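Novice: From the sequence below, what's the structure:
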Amino acid sequence: MNTGDDLPLYLWQQSDWPHWRFDAAALAGPLARAHRAQGHLLGRMADLGLALREQTTLQVLTQEVIKTSEIEGERLDLQAVRSSIARRLGVDIGALAPADRHVEGVVEMVLDATRHFDQPLTPERLFGWHAALFPTGYSGMTRIHTGAWRDDANGPMQVISGAGRREKVHYQAPPANELARQTEAFLQWFNADAPGDALIKAGLAHLWLVTLHPFDDGNGRISRAVGDMALARAEGSSQRFYSLSAQIQRERKAYYEQLEATQKGTLDVTAWLDWFLGCLLRAVEGADGLLTAVRGKARFWQRWAGTALNERQIKLINRLLDGFEGKLTTAKWAALAKCSSDTALRDINELLACGLLRKLEGGGRSSGYELVRK
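Specialist: As a prediction, this is how the structure comes out:
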């Protein structure tokens, strides 16, 4: 896999692989800004009570699971994810959605990486995450090896877009027969208490593992989980107050462009780390909005604590508080609450009568409603 002038094509083909280099002076500013933002966020979190910190962690982990899957083009059910995480964290959110084995696997991986960040990362642990991601042993309709390194039986592991004449190879991973040795080197480095900034290590961990691409599928999700594990180690906390995957999803195009450019470059990964630290900074700064929403939700329920509500009403109000897309109608209420239209209309009329909901302009069967938040 060499170019016409015999220059290496990919990172792992460089003669000095995997000896990473970066310009520490050029990264001093981005590092300082990321650390300041983390400190500011942790300070805000310290002002919250335990219950609100738990709610924030629940919201963040829900985002993390949803968005790390969305980056790969897979959409998970929000309520199934939220219920799965709440069940494991012991957070009361009322009625729980039924378990979904595909959701459960992603949740198990993300929680294991962040809640047990201080435990060694081993091949067996990575195999467990991989098996959890693909509980049927299939990725779509394709049978894959789960809980094991890939074997390249069908040819080299490549990241490809398009089809036919439009097919483009963005990246080709190291041969499968090198994975045992290469992953061992990565894991020794990851588990070592080496000097250097922990945020730099998180950025390198993400890049290194996704470059090895050790599995038939799920490499992006597993690499992001390892990056989150490194961030949890850097902060010394299993509680997550921001979602890096949610920010990566917002910057998905830039993420893939930066990753491809880096994997086709040299072992000087200053540009990748600069992008990673900037993305991390934006993720941490964006968490301010989440904290404001969590506090607003708490104030809302304090205000209406004396109002008798049934389980359906509590569930739907929480959906509205968590960010309901579109207009709430009687039909949507009935579908979400799994009740008849008459029951939905009765629930809504009770909330209108007590002043908790108000009717939007327009009438008839398409009448819409919104929460009275103040």
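
Novice: make it CA atoms for all contacts and neighbour counts henceforth
Specialist: Fine.

Novice: Could you give me the buried positions within the strand or helix carrying Trp129?
Specialist: Element membership for Trp129 (DSSP states H and E) is helix 123-133. Neighbour counts over helix 123-133 (16 or more other C-alpha atoms under 10 Å) mark 123, 125-133 as buried.

Novice: out of those, what pair is the most spread apart?
Specialist: Across the buried residues of helix 123-133, the longest distance by C-alpha to C-alpha is 15.4 Å; it joins Pro123 and Leu133.

Novice: what does the helix holding Trp129 rub up against?
Specialist: Contacts of helix 123-133 with the rest of the structure, by C-alpha atoms under 8 Å, 6 or more residues apart in numbering, involve 102, 104-106, 108-109, 137, 146-149, 215, 218, 222.

Novice: Just give the strands next to the next helix or strand after it in its sheet, each with its orientation.
Specialist: For helix 123-133, the succeeding helix or strand toward the C-terminus, using DSSP H and E, is strand 138-139. Paired with strand 138-139 in the same sheet, following DSSP bridges, are strand 142-143 (antiparallel).

Novice: now the strand it pairs with: how far from the chain's centre is it?
Specialist: The offset between the C-alpha centroid of strand 142-143 and the centroid of the whole chain comes to 25 Å, using C-alpha atoms, centre = their mean, to the nearest Å.

Novice: Same check on stretch 195-209?
Specialist: Remark: stretch 195-209 is offset 18 Å from the chain centroid, using C-alpha atoms, centre = their mean.

Novice: do stretch 222-240 as well
Specialist: Averaging C-alpha positions (C-alpha atoms, centre = their mean) puts stretch 222-240 11 Å from its chain's average.

Novice: Please identify the helix or strand for His170.
Specialist: Counting by DSSP H and E, the element that carries His170 is strand 168-172.

Novice: okay, now the residue nearest to Asn177 when sequence neighbours are not counted: neighbour count?
Specialist: Beyond its immediate neighbours in the sequence, the residue positioned closest to Asn177 (C-alpha to C-alpha, 6 or more residues apart in numbering) is Asp151, lying 7.5 Å away. When neighbours are defined as other C-alpha atoms under 10 Å, Asp151 has 17 of them.

Novice: wait, isn't Asp151 in contact with Ala176?
Specialist: Yes. Asp151 sits in contact with Ala176 when judged by C-alpha atoms under 8 Å, with a separation of 5.3 Å.

Novice: This protein: helices as residue ranges?
Specialist: When secondary structure is read from DSSP state H, the chain shows helices at 24-46, 50-70, 78-89, 101-115, 123-133, 179-191, 198-212, 219-235, 244-250, 252-263, 270-303, 311-321, 330-337, 341-354.

Novice: Of those helices, which is nearest Glu370?
Specialist: Evaluated over these, closeness to Glu370 peaks at helix 311-321, with 8.1 Å, by C-alpha to C-alpha.

Novice: buried sites along the closest one?
Specialist: Residues of helix 311-321 classed as buried: 312-318, 321 (neighbour count, 16+ other C-alpha under 10 Å).

Novice: And the residue lying closest to Glu104 once chain neighbours are set aside, how close does it get to Val159?
Specialist: Counting by C-alpha to C-alpha, 6+ apart, Ser84 is the residue found nearest to Glu104 once chain neighbours are left out, at 6.6 Å. Remark: distance between Ser84 and Val159 (C-alpha to C-alpha, to the nearest Å) = 31 Å.

Novice: Those two: who's more crowded?
Specialist: Neighbours per residue, other C-alpha under 10 Å: of Ser84 and Val159, the larger number sits with Ser84, 21 against 13.

Novice: where does the more buried one land on pLDDT?
Specialist: Confidence at Ser84, expressed as pLDDT, is 93.

Novice: What of the one 4 residues further on?
Specialist: Reading off the per-residue confidence, Arg88 sits at a pLDDT of 90.

Novice: And Glu235, how close does it get to Gln38?
Specialist: Computed with C-alpha to C-alpha, the distance linking Glu235 and Gln38 is 9 Å.
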